[in-house]
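Asker: Mind folding the following:
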Amino acid sequence: MSIRRVYRWDLDKTYLRTDFDSALGLLRAAFEGAQSKQNVPGTAGLLRELRRAGSASEVNRIYFISGSPRQMRPVIEQKLRIDGVQWDGLVLKPNIENMLRGRLRAVKEQIGYKLPVLLESRGGIEPPSPEILFGDDAEWDAFIYSLYGDLIAGRVEGVDLERTLQLARVYPDARARILRALHMVPPFDAVRRIFINLDRRTPPTHLAPYGRRVVPIYNYFQAALVLGETGELTPEAVIRVALEMIRKHEYEVEQLSNSYQELLRRRTISGAIGEALAVALRDFQTPPGMPSAEEVLFSFQRRVRAIAHSGRMAPPEDEPIDYPTLFVREQRRHHEAKARRKAPSLFE
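Answerer: Residues are numbered from 1 along each chain as shown. As a prediction, the model looks like this:
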């Protein structure tokens, strides 16, 4: 049985709604049970559809890699089972080990943790298979995933990698793991899409330097639309993701059609998926209490007409990524965002 696609997911703020911006939020995340953990809307349904999209001869594999501590494994696994999500790997951070070794910086540092894990996992995938990755804008996911994709594709020079790891202050043993794992990975341009959930409402234009491979999304219906247009999901699967967001997370058809319009405006999709959804909705039996197919189609068609009259933003041309320079920019952005979150409000 061969591997059709590999899907890699972060957990906090990508799959789970997690507040780690405050001590109270961290404490709550550490001690709440699986039943209390809340999904980012649409994620559970999307993961089930991605798993289902395989076949008897080709399977889709799902891997999670998270900065959450290893002690949370039983709770996270229980949460995944509650959501009906099947997974092939779950890697959590050895925070207690890092603290016992005096590696306090490693508790929050992400590049030296995620990059070697990604590369080592890639070395075990045979034959080489395309990958689609999911992260968020709260930390370094766009940077790490892009660097990982360009490393295994052979687009990053050794000197640029070394300089980037120095700037990130990656520990020597983690640098050695990265170089060793990279040497074992056959060159292959595997990373096809990187979805970044805009949990912090980062402007999509901020992610433009990463190229069109990185797709900023405001919700997971947008991810489903893109995956439907590229053939990763059927139109029926996209509809099921939308229905879950309506039923479980109180989304309205107007919100979903706005999301569709926003992707059209950015030229992230061409609109072919909208036509495919229109065909699929004619025979789709929506559950009682759900919006009718006619209501959905009318809302979407109205958005398409609005785009036709207003024009669309042209997508940026992809250019080679200067990772050391981009790291400095991202580091500055993270520092500024952290300072804004700590600044007192005028209403406090």
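Asker: How about the secondary structure of R61?
Answerer: Classification of R61 using DSSP: H, G, I helix; E, B strand; the rest coil returns strand.
Asker: Next up, the contacts around it.
Answerer: With contact taken as Cβ atoms under 8 Å, 6 or more residues apart in numbering, R61 is in contact with I3, R5, V6, Y7, D88, G89, I125. Placement of C-beta: from N, CA and C, glycine included.
Asker: On the three-state scheme, L182 is what?
Answerer: L182 - assigned by three-state DSSP - is helix.
Asker: Can you get me a residue count around it?
Answerer: 22 (other Cβ atoms under 10 Å).
Asker: Could you do L46 as well?
Answerer: The burial count for L46: 29, using other Cβ under 10 Å.
Asker: Quick check: it touching N219?
Answerer: No. The pair L46 / N219 is not scored as a contact, 10.4 Å apart, by Cβ atoms under 8 Å.
Asker: which residues of the stretch 101-250 of the chain fall in strands?
Answerer: 131-136, 191-197, 214-217 (DSSP state E, counting those that start in this stretch).
Asker: Surely E58 is in contact with I3?
Answerer: Yes. Between E58 and I3 there is a contact under Cβ under 8 Å: 7.2 Å.
Asker: Of those two, which one has the most company?
Answerer: Applying other Cβ under 10 Å to E58 and I3 shows that I3 carries more neighbours, namely 18 against 13.
Asker: Doesn't the more buried one lie inside a strand?
Answerer: Yes. The assignment for I3 is a strand, going by three-state DSSP.
Asker: wait, what's in contact with L165?
Answerer: With Cβ under 8 Å, 6+ apart, L165 has these contacts: I111, G112, R175, I178.
Asker: go with 6 Å
Answerer: R175 (Cβ atoms under 6 Å, 6 or more residues apart in numbering).
Asker: Could you do E254 as well?
Answerer: Here E254 is in contact with no residue (Cβ under 6 Å, 6+ apart).
Asker: pLDDT value on P316, please?
Answerer: pLDDT, the model's per-residue confidence, is 57 for P316.
Asker: Quick check, A44 in contact with I82.
Answerer: No. Between A44 and I82 there is no contact, the gap being 8.8 Å when judged by Cβ atoms under 6 Å.
Asker: so what sits against both of these two?
Answerer: Common neighbours of A44 and I82 (Cβ under 6 Å, 6+ apart) do not exist.
Asker: Point out where the stretch 151-300 of the chain drops to low pLDDT.
Answerer: 293-294, 297-298 (pLDDT under 70).
Asker: show me where it has helices.
Answerer: 158-167, 172-184, 220-229, 235-249, 253-265, 272-283, 293-310 (DSSP state H, counting those that start in this stretch).
Asker: From Q86, how far off is R48?
Answerer: In this view, R48 and Q86 are 8 Å apart by Cβ to Cβ, to the nearest Å.
Asker: Please read the previous query as pertaining to Q71.
Answerer: Q71 is 23 Å from Q86, by Cβ to Cβ.
Asker: out of those two, which sits in the more crowded spot?
Answerer: For Q71 versus Q86, the count of surrounding residues by other Cβ under 10 Å is larger for Q86: 15 against 12.
Asker: which residues touch that one?
Answerer: Counted by Cβ under 6 Å, 6+ apart, Q86 has contacts R51.
Asker: how much does the lengthiest helix in the chain deviate in direction from helix 158-167?
Answerer: Counting by DSSP state H, the longest helix found in the chain is helix 323-342. Inter-element angle recorded for helix 323-342 and helix 158-167: 20 degrees (by axes from the mean of the first three to the mean of the last three Cα atoms, to 10 degrees).
Asker: counting contacts, what elements does helix 323-342 pack onto?
Answerer: Judged by 3 or more Cβ pairs under 6 Å, 6 or more residues apart in numbering; DSSP states H and E, the packing partners of helix 323-342 are helix 158-167.
Asker: which parts of the helix it packs on are buried?
Answerer: D160, L161, R163, T164, L165 (16 or more other Cβ atoms under 10 Å).
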